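Colleague: Next one to model:
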Amino acid sequence: MEKMNYRLPKRKDGLKTFNKIINSGKKLFSKQGYQATSINEIIDKAKIATGTFYIYFDDKLALYVYLLHQYRLKIGEAINDAIKDAPTRYEQERLGIKAFLKFAWQEPLSYRIIWESMFVDKEIFKDYYQNFSKAYVDKLSVSVAQGEVDGQIDLETLSYILMGISNFVGLQVLFRETLTDMDLDKIVDQVMYVLKQGMFTN
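Modeller: Below is the predicted model of the structure:
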């Protein structure tokens, strides 16, 4: 389970300070990595008093866990919003993958922070992806019942296959200098072709 040793602000002035800490931590973690970043550096970059940091976070790990939790929520919201009106599982996958890739392009800092969590705390990393998998399996189960997904496939394994595709195609997107909606659609269409037709000719 995630160790949520952080406290959300209750007032507007507190929210402003809280966001300074978040933004400073995000930039430093993504640039230097978790281990190389100190609380003092976060405090200096946020331009706050030392004691202010501890009003909201017990330690550096609590800030890191908060960032991971927020990324998971934002990715989930982006995908759910994109697929809410999709009539078929095929279209849900297509729109969901596109939403994830768009998020990755717009929030490139998320990749390093999410993936580095494997080395920061293995349980946090495992919890992050297991929660995504469980939510994915719930949606896939509905599609199996509706006859849109092969019921002989283990859905947990399928969820990791699909997450793996999105994660690594996300790198293809991040490695580009520019990205248009047309580029994004072309990449997503290729992914969907492979999912529907496979890669082997016989």
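Colleague: where are the low-confidence patches of this protein?
Modeller: Along the chain, segments meeting pLDDT under 70 span 1-4.
Colleague: Show me it divided up by domain.
Modeller: 12-61, 63-197 (automatic domain parsing).
Colleague: possible to save those as CSV with distance to Tyr6?
Modeller: No exception for glycine: its C-beta is placed from N, CA and C like everyone else's. Output for those, formatted as CSV (distance: least, CB to CB, whole Å):
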stretch, distance to Tyr6
domain 12-61, 5
domain 63-197, 5
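Colleague: which residues touch the closest residue to Arg72 other than its chain neighbours?
Modeller: In space, and not counting its chain neighbours, Arg72 is closest to Tyr128: 6.2 Å by CB to CB, 6 or more residues apart in numbering. Residues near Tyr128 by CB atoms under 8 Å, 6 or more residues apart in numbering: Leu68, Arg72, Ile114, Ser117.
Colleague: for those, which one is nearest Phe168?
Modeller: Ile114 (13.2 Å; CB to CB).
Colleague: which ones are touching that closest one?
Modeller: Taking CB under 8 Å, 6+ apart as the definition, contacts of Ile114 comprise Leu68, Tyr71, Tyr128.
Colleague: Between the residues you listed, which sits nearest Asp183?
Modeller: The closest of the contacts of Ile114 to Asp183 turns out to be Tyr71 (CB to CB; 23.3 Å).
Colleague: For Asp154, see how far away Ser143 is.
Modeller: To Asp154, Ser143 is 14 Å away according to CB to CB, to the nearest Å.
Colleague: What of Glu177?
Modeller: 39 Å.
Colleague: Comparing these two, which residue is more hemmed in?
Modeller: Asp154 (10 against 4; other CB atoms under 10 Å).
Colleague: roughly how far apart are the more buried one and Thr178?
Modeller: On the measure of CB to CB, Asp154 and Thr178 end up 39 Å apart.
Colleague: Please apply the same query to Ile161.
Modeller: In terms of CB to CB, Ile161 sits 29 Å off from Thr178.
Colleague: So between the two, which is more surrounded?
Modeller: Taking neighbours as other CB under 10 Å, Ile161 and Thr178 compare with Ile161 leading, 13 against 6.
Colleague: Tally up the residues packed near Ala62, please.
Modeller: When neighbours are counted by other CB under 10 Å, Ala62 comes out with 19.
Colleague: Tell me if I'm right that it and Asn5 touch.
Modeller: Yes: using CB atoms under 8 Å, Ala62 is in contact with Asn5, at 4.0 Å.
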